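>>> fold the following, please.
(one chain, ligands or ions: 1)
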Amino acid sequence: MIEVYDRVIPSKNMPTLVALGVLAAFLYLFSGVLDVLRGRIMARVAGILDIDLASSVFRIIATMPRVAGVQQGATRPAADLDQIRQFLSGSGLLSLFDLPWALLYLFVCFLLHPYIGIAAASALLVLVMLTAITHFATKREARNLSTTLAARGRLEEEVHRNVEAITSMGLFDRAYERWFDFHQAHAKSGRKINDLAGMAASASKTFRYAVQSGVLALGAFLVVDGQLTGGMILASSVIVSRALAPVEQVIGQWKSLIGAMQAWRRLSESSSLATITEHKTNLAAPQLNLQVRNVAIVPPGTQKLAVKNASFALEAGSILGVIGPSGSGKSCLVRAIAGIWSPVRGEVRLDGATLDQWTDTARGSHIGYLPQTVELFEGTVAENISRFAKYANDDDILDAAHAAGAHEMIVHFEHGYQTAVGEGGKNLSAGQRQRIALARALFKKPFLVVLDEPNSNLDVDGERALANALLRVKDRNGIVIVVAHRSDIMNIVDHVLMLRNGDVAMYGKRDAIINRISEGPRALPATTLKVVDGDLGA
Ligand SMILES: Nc1ncnc2c1ncn2[C@@H]1O[C@H](COP(=O)(O)OP(=O)(O)OP(=O)(O)O)[C@@H](O)[C@H]1O
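Numbers count the residues shown, from 1 in each chain. Below is the predicted model of the structure:
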């Protein structure tokens, strides 16, 4: 502009104008190409970061409920990762990269004239203050935005799980009201942030227009005073606006910047709880014993001791029945034994090694677990029995199905082992699911088999098959721990452990405990530990 207004126009020199035009076109092209490259590089950087983070994100999804309870919707961590990737590959981060250019333009302003420089520096300062004010004004709402989103996500998952109860008991309106409350609160926080960020963006835009005009006026004053040329007025106006543009862009991107920062914070907080990636030495498969010593369990996300001080030991080739009233801590105890929850105190050892000395995968291959509420994975019966092993051996699948007494049932399905079980196993009945999950627990003959009320949905045949399955594990020198309310399974157990209010009320050989129970309620201590004809072994 300086060249055009101060040289070309007074001298009417067209070749200079053409040369300047060519130069400007070349520089714009260069800048455009750099811009495209920058965008593409950032998209790839975002892609690399995404691949890097993907395993941590999945670890968070798969471990958070068991280490910290359900705090956010299951899909939240993946949505956070998407948000971070979009921010990195979109214009949000690029606007931050442009910030240092503001200083360069500011320097050029000072070169044009110190007054122009001072005007630009003051305007920059005002915009930075506006950014800081926006940040503090939106901080609290940004936190609300994320908590209401998490609450809404949790409720949505609950509603999905409980569609039948909602329909049968007419709970739709009530569920909708609760969902709408969270939805409204979330939308309200979003609106507030939008208002504040939008107001800051408009204020900064208007301010920049005003500064641009002000700089023109200042330039005119300096021209009249003989300190600046006419071309410099326009040049300074353009350069001042260039100096302010990056800050203004950052203000415009504030909402996505805050969103990405929050997503990052949520992921880092969760991954600090969920990461267990250190290398572990491969231990030999356990084959001797299980020791549970002074185990205390607090369910994740709560403060309550559900199991207080459980100790017992089992040798290979034994079956333990865990009994006790509802809520006495049976499921909590077997979850700790199966390595799902870590005890807050005490330890669980297989052949002398605590469970955390194995990698998750190795430990999982030595343990078969049947949870109280059976959910299968979407896939075929065979895939579910083989735990979705990549190269599962058909003989192992058949062995497990036979061991669980489920083979006959499976071959009578329309597509046999290739029958699709549907999402969560919904294509099957509860009893069928339970028998397939038992086969899954017995796949490849794990040393320790932990079954949490495996007979709750079984018919007489199913229960007989279950008893045979447990005896077979015992015969092959495995250990079985079975939580059972009903007594049929109790006929085949060797030891019984009775829990009451999280305490081991009794532990010992089956017959001794059964005799003790049949003596009547007064024979059962409320909280004190009684070892009946047996020892704690620990
Ligand atoms: N996932 C969980 N989150 C929070 N608290 C839990 C969880 N699981 C169990 N608890 C609490 O721990 C206590 C023991 O529960 P647990 O499921 O072990 O009982 P249980 O003996 O297996 O009962 P039931 O025979 O009814 O299955 C209960 O008071 C329950 O409130």
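>>> for the rest of this, base every contact and every neighbour count on C-alpha atoms.
OK.
>>> which residues does stretch 294-307 contact?
The contact list for stretch 294-307 (C-alpha atoms under 8 Å, 6 or more residues apart in numbering) reads 65-70, 308-311, 328-329, 332-333, 336, 341-348, 501-503.
>>> how much space between the residue lying closest to T359 once chain neighbours are set aside and the ligand?
Distances taken as C-alpha to C-alpha, 6 or more residues apart in numbering put K280 closest to T359, at 6.2 Å, once the chain neighbours are dropped. Note on K280: its distance to the ligand, by C-alpha to the nearest ligand atom, to the nearest Å, is 28 Å.
>>> give the buried residues for stretch 373-388.
Neighbour counts over stretch 373-388 (16 or more other C-alpha atoms under 10 Å) mark 374-387 as buried.
>>> stretch 281-293 too?
Burial within stretch 281-293, assessed by neighbour count using 16+ other C-alpha under 10 Å, is assigned to P286, Q287, L288, N289, L290, Q291, V292, R293.
>>> same thing with stretch 350-362?
L350, D351, L355, Q357, W358, T359.
>>> got it, and stretch 123-139?
In stretch 123-139, the ones that count as buried by 16+ other C-alpha under 10 Å are A123, L124, L127, V128, L130, T131, T134, H135, T138.
>>> which of these sits closest to the ligand?
Using C-alpha to the nearest ligand atom, T138 comes nearest to the ligand of the buried residues of stretch 123-139, at 33.8 Å.
>>> so what's that closest one closest to, chain neighbours aside?
I193 (5.7 Å).
>>> V8 against P15, yeah?
No: between V8 and P15 there is no contact under C-alpha atoms under 8 Å: 9.0 Å.
>>> and the residue nearest to E347 when sequence neighbours are not counted, what is it in contact with?
With C-alpha to C-alpha, 6+ apart as the criterion, E347 has its nearest non-adjacent residue at 5.4 Å, and that residue is R293. R293 makes contacts with N309, A310, S311, F312, G346, E347, V348, A538, as judged by C-alpha under 8 Å, 6+ apart.
>>> state whether the first one is indeed within a helix.
Read it as N309. No: counting by DSSP: H, G, I helix; E, B strand; the rest coil, one finds N309 to be strand, located in no helix.
>>> quick check: the gap between it and the ligand.
Distance from N309 to the ligand, counting by C-alpha to the nearest ligand atom: 14 Å.
>>> right, and that residue touches R500 too?
No: counting by C-alpha under 8 Å, N309 does not reach R500; the two are 11.5 Å apart.
>>> look at S365 and give its secondary structure.
Put simply, S365 is helix when judged by three-state DSSP.
>>> now do the same contact list for it.
K444, P446.
>>> try it again with 7 Å
Counting by C-alpha atoms under 7 Å, 6 or more residues apart in numbering, S365 touches P446.
>>> any idea which helix or strand carries the residue nearest to T138?
Following DSSP states H and E, the helix or strand that holds I193 is helix 172-224.
>>> what does the pLDDT read for Q72?
pLDDT for Q72: 66.
>>> next: D356.
Looking at D356, its pLDDT reads 86.
>>> which one is it nearest to, not counting chain neighbours?
Among residues not flanking D356 along the chain, G339 sits closest, at 7.9 Å (C-alpha to C-alpha, 6+ apart).
>>> would you check that that neighbour makes contact with Q357?
No: counting by C-alpha atoms under 7 Å, G339 stays clear of Q357, with 10.9 Å between them.
>>> who does the helix holding I193 touch, helix- and strand-wise?
In terms of contacts (3 or more C-alpha pairs under 7 Å, 6 or more residues apart in numbering; DSSP states H and E), helix 172-224 is packed against helix 114-161, helix 230-252.
>>> enumerate the residues of the stretch 301-450 of the chain near the ligand.
Taking C-alpha under 6 Å from any ligand atom as the measure of proximity, the stretch 301-450 of the chain contacts the ligand at T302, A306, P325, S326, G327, S328, G329, K330, S331, C332.
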